[in-house]
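Trainee: Give me the fold of what follows.
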Amino acid sequence: MVGASCARLWCGLCTARALALNLTRLEKTNNRGIKGRVKRAGWDNTYLEKTLKI
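Mentor: Sure thing, here's the model as predicted:
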């Protein structure tokens with residue numbers, strides 16, 4: 001039972017990560033690569049909010 005719940009959690013985290021990367025790709029105000037955009041979102045909360053469209 002524990003393995004099944006861990007697998008579901010892992011699948012959910014993978015989905016969330018893929019969604020976040022797709023939203024980062026769609027954000028075009030920053031003229032950097034994906035790696036730079038992810039770093040900036042980690043450093044700057046306003047940019048993170050803009051990227052996630054909150």
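
Trainee: List the backbone torsions phi and psi for the residue nearest the centre of the chain.
Mentor: Central residue of the chain (C-alpha atoms, centre = their mean): Ala20, 2.5 Å from the mean position. Per-residue torsions, Ala20: phi -60, psi -40 (degrees, to the nearest 10).

Trainee: list the contacts for it?
Mentor: Applying C-beta atoms under 8 Å, 6 or more residues apart in numbering to Ala20 gives the contacts Leu52. (C-beta placed from N, C-alpha, C; glycine too.)

Trainee: Just the pLDDT for it.
Mentor: For Ala20, the pLDDT comes out at 85.

Trainee: Check the secondary structure at the closest residue to Ala41 other than its chain neighbours for me.
Mentor: Distance criterion C-beta to C-beta, 6 or more residues apart in numbering; nearest residue to Ala41, sequence neighbours excluded, is Leu48 at 4.4 Å. Put simply, Leu48 is helix when judged by DSSP: H, G, I helix; E, B strand; the rest coil.

Trainee: Before I go, just wanted to say thanks for your time.
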